[in-house]
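Novice: Could you work out the structure for the sequence below:
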Amino acid sequence: MSENLIQQQQELTGLIERHSLQNSTKETAVPSLFFYQHSSITEPAYRVYKPSFCVVVQGLKEILLAQERFEYGPSNYLIASMNLPVIGQIIKASTDSPYLSLKLEFTQNQILEVLNDCDIKVTSKDNAKRALFVGRMESSIQDAVLRLARLLDTPGEIPFLAPLYTREILYRLLQGPYGVELAQIAVEGSSTYRIREAIDHIVRNWDQSFRIEDLADTASMSVSSFHRHFKEVTAMSPIQFQKQLRLQEARRILLAESADAADVAFRVGYESSSQFSREYSRTFGAPPRADIKRLKEKYDQVMND
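Specialist: Presented below is the predicted three-dimensional model:
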């Protein structure tokens, strides 16, 4: 790693430490910018990643998308170009050297604006690619990230400069080795664009049943072509994708409410409570009641330490 990158990371480390709390996620005053600080290895966290650009400045993180594993640390960045159900875990952190990272969420429209304003040419004929990828951090990208984070020390400048720095970050990512993959989400007519629309439909209607034929129709693809492209983008089938969304929501409800597992099963779209319990156990490693009990005990332990 170059000396310049190291210096940039040291300054980012100080900014994240000053503008976040220990063992927390902090939504900053800069729109769509989040800071993370954790002093220990975490439990696997099941969540849906929105389109986002993620940077670790200290520590190490692992992301699982279906059966695929992505690891990134200070020399890398991670991009999720679409809504994706993933499992994330901090795998390197300590009290003396806490895990520190940031996430910048973005939209398809922001990507499209940069493509149009900078006259970046992208063909719509490229095949769909995986919507999660890890790239090697470059000084020019990290410099733009650093200037965005510095705005937290001059909040009066955020309304004017934050959109400019965010656009610069997206511009540099689009110019990088994964620029084509990122651009495809905004190129109307591309297979990636059409799969993104199907993904967005499932995310919006995760508790509703659907016919693969209807989704394929919406994407203007044959059923076999839709299946192939969907799996290429997400590493899972449409049914598996929806199942992950339903189970994550069920777990959230069970943690937040004193709800019966069978009732929650029907609330998230299952017709069979026994099927729900089987799939929940397969995903989270224990039946609903035992899993929630363990999570709450773990939370109480962390709060009392």
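Novice: ok, and the closest non-adjacent residue to Phe53?
Specialist: Nearest residue to Phe53, sequence neighbours excluded (C-beta to C-beta, 6 or more residues apart in numbering): Leu104, at 4.7 Å. Placement of C-beta: from N, CA and C, glycine included.
Novice: can I assume the one you found sits in a strand?
Specialist: Yes: assessed by DSSP: H, G, I helix; E, B strand; the rest coil, Leu104 belongs to a strand.
Novice: Would you mind listing the buried residues in stretch 258-274?
Specialist: Buried residues in stretch 258-274, counting neighbours by 16 or more other C-beta atoms under 10 Å, are found at 261, 264-265, 268-270, 273.
Novice: Could you work out the end-to-end span of that stretch for me?
Specialist: End-to-end distance for stretch 258-274, by C-alpha to C-alpha, to the nearest Å: 19 Å.
Novice: Distance from the chain centre to that stretch, please.
Specialist: Here the centre of stretch 258-274 is set off from its chain's centre by 26 Å, with C-alpha atoms, centre = their mean, to the nearest Å.
Novice: Quick one: mean pLDDT for it?
Specialist: Across stretch 258-274, pLDDT averages out at 95.
Novice: Ok, stretch 34-52 next?
Specialist: Rounded mean pLDDT across stretch 34-52 is 96.
Novice: again, but for stretch 227-245
Specialist: The model assigns stretch 227-245 a mean pLDDT of 97.
Novice: same deal with stretch 166-176?
Specialist: The model assigns stretch 166-176 a mean pLDDT of 96.
Novice: just how off-centre is it within its chain?
Specialist: 18 Å.
Novice: about what we covered before: quick check: the farthest pair among the buried residues of stretch 258-274?
Specialist: Farthest apart among the buried residues of stretch 258-274 by C-beta to C-beta are Ala261 and Gly269. That separation is 14.2 Å.
Novice: the helices in this structure, which residues?
Specialist: 3-18, 108-117, 139-150, 158-175, 179-183, 191-204, 212-218, 223-234, 238-256, 261-267, 273-284, 288-304 (DSSP state H).
Novice: Buried residues, the longest one. List them.
Specialist: By 16+ other C-beta under 10 Å, the buried positions in helix 238-256 come out as 238, 241-251, 253-254.
Novice: and what of the fourth one?
Specialist: When neighbours are counted by 16+ other C-beta under 10 Å, the buried residues of helix 158-175 are found to be 158, 161-162, 165-174.
Novice: Which other helices and strands does that helix contact?
Specialist: If you count contacts as 3 or more C-beta pairs under 8 Å, 6 or more residues apart in numbering; DSSP states H and E, helix 158-175 packs onto strand 52-58, helix 108-117, helix 139-150, helix 179-183.
Novice: What of the first one?
Specialist: Counting contacts by 3+ C-beta pairs under 8 Å, 6+ apart, the secondary-structure elements packed against helix 3-18 are strand 33-38, strand 52-58, strand 99-105, helix 139-150.
Novice: could the ones you listed go into CSV alongside distance to Asp207 and mean neighbour count?
Specialist: Converted to CSV, these look like this (distance: least, C-beta to C-beta, whole Å; neighbours: other C-beta atoms under 10 Å):
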stretch, distance to Asp207, mean neighbour count
strand 33-38, 27, 21
strand 52-58, 24, 23
strand 99-105, 24, 22
helix 139-150, 36, 20
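Novice: Please name the residues that touch the closest residue to Gln142 other than its chain neighbours.
Specialist: Of all residues beyond its chain neighbours, the one nearest Gln142 is Gln8 (4.7 Å), with distances taken as C-beta to C-beta, 6+ apart. Gln8 makes contacts with 139, 142-143, 146, as judged by C-beta atoms under 8 Å, 6 or more residues apart in numbering.
Novice: I'd like these written out as CSV, with distance to Val203 and pLDDT added.
Specialist: Listed next are the contacts of Gln8 as CSV, based on distance: C-beta to C-beta, whole Å; pLDDT from 0 to 100:
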residue, distance to Val203, pLDDT
Ser139, 35, 95
Gln142, 31, 96
Asp143, 33, 97
Leu146, 32, 98
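Novice: Nearest to Glu113 among those residues?
Specialist: After measuring the contacts of Gln8 against Glu113 - C-beta to C-beta - the closest member comes out as Asp143, at 21.4 Å.
Novice: nearest residue to the closest one other than its sequence neighbours?
Specialist: Spatial nearest neighbour of Asp143, excluding adjacent residues (C-beta to C-beta, 6+ apart): Gln8 at 6.4 Å.
Novice: where's the one you found relative to Thr28, distance?
Specialist: Distance, Gln8 to Thr28, by C-beta to C-beta, to the nearest Å: 18 Å.
Novice: To Val86, which of the helices of the chain lies closest?
Specialist: Going by C-beta to C-beta, the one of those nearest Val86 is helix 238-256, 8.7 Å.
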